[in-house]
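> Compute the structure for the input listed below.
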Amino acid sequence: MNNYTAAIASFIRFDVVVFNTLEYAMKKDSYDINAYKARKEIITNEITQNTPLKNCCEHSEEAGKNLLAKIQELLDTIYSENSTIVKLSQDGNELRVDYSQAITIFETVMPIHEEVRKIVAAHVNAAKSKDQYDEPTYPEVIDSEEYFYRGLVNMLMLEELDHQFAEYNKARQEAKGGITAQSNFIQNDINRLVKLFHFSRENAQAKSAEYYEVIDPLFALIEMTGGRRDLPAGKNFGDVFIEVKKIAREKTAKWENKWKEVYEPFMQHFTEEIQKMQAGQGAKA
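As a prediction, this is how the structure comes out:
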């Protein structure tokens, strides 16, 4: 492992920590406090220590400053003592999550992921151009992460869309079909979600037929909720949401298993190589 591929591995690890923050958009009985603390530490260190990402951002002018600001916003929004989304209980034994703010989590996490993936791609191209792309497992790691991330973020946003759409219809029914401040508020949240669905699709590198087995019915459903497409004959919105969510869950589970198969040994190898590099630097000193 050389400096190029060590930096790429560092970016990938950071990206995974960032998108694991999406856990807090899930409704769960409990959340791992140690995982929360580890993520906070890694993200904090990434922009305060002499890391490949911090160095890259500092040499990328405005784009780099913007990414550092987004990462700081992530820390402030999710991992700070002032967060209204994720909080440690006073005794420190429980992590309390307000998953009603799931859309804010998506809006905070997703842009960082896309920017880091662009940095990974740029460094891969640079390493190849200098004949220093010396880690044969990297293409599979990067590809499997792409599919797992797309599956995960679309699956979670789909759950939120289902919830928001049901709440919207409830508000309209209670108003006997009228538009109210409450229905407008929910409509705004739905619009935020739809924008995020498009943002993910526009940035996706996945192109396989299997990926579109999720994306095509998902966007057909979005068009149905927006009144731009009719429901299938004999089906209601509940039926279609159930079908599309089933596809999303099954594909995401498959992609997650594939990603874990390659990511865990990749991280073990990365850790060992970094230790070797640090030991070598220490010997020279």
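> biggest helix in the chain by residues?
helix 237-284 (DSSP state H).
> tell me which strands and helices that one is in contact with?
With contacts defined as 3 or more CB pairs under 8 Å, 6 or more residues apart in numbering; DSSP states H and E, helix 237-284 has these neighbours: helix 3-19, helix 138-174, helix 209-225. C-beta: built from backbone N, CA, C; applies to glycine.
> Could you list the low-pLDDT ranges of the stretch 151-285 of the chain?
Counting by pLDDT under 70, the stretch 151-285 of the chain contains low-confidence ranges at 278, 280-285.
> From the rest of the structure, what touches stretch 81-99?
Stretch 81-99 is contacted from outside by 24-28, 30-33, 36, 76-79, 101, 104-105, using CB atoms under 8 Å, 6 or more residues apart in numbering.
> Just the residues you listed: which are in helices?
Judged by DSSP H, the contacts of stretch 81-99 include 33, 36, 104-105 as members of helices.
> Out of the helices and strands packed on helix 237-284, flag the one nearest residue 117.
Of all the helices and strands packed on helix 237-284, helix 3-19 sits nearest to residue 117, with 6.7 Å by CB to CB.
> Tell me which other helices or strands the closest one touches.
Partner elements for helix 3-19 (3+ CB pairs under 8 Å, 6+ apart): helix 33-48, helix 52-58, helix 102-129, helix 138-174, helix 237-284.
> Kindly reformat these as TSV containing distance to residue 225 and mean neighbour count.
Below are these laid out as TSV (distance: least, CB to CB, whole Å; neighbours: other CB atoms under 10 Å):
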stretch	distance to residue 225	mean neighbour count
helix 33-48	33	16
helix 52-58	38	18
helix 102-129	15	18
helix 138-174	5	19
helix 237-284	7	14
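> need those in CSV with distance to residue 87, can you?
Output for the helices and strands packed on helix 3-19, formatted as CSV (distance: least, CB to CB, whole Å):
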stretch, distance to residue 87
helix 33-48, 10
helix 52-58, 27
helix 102-129, 14
helix 138-174, 20
helix 237-284, 27
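> All good on my end, thank you.
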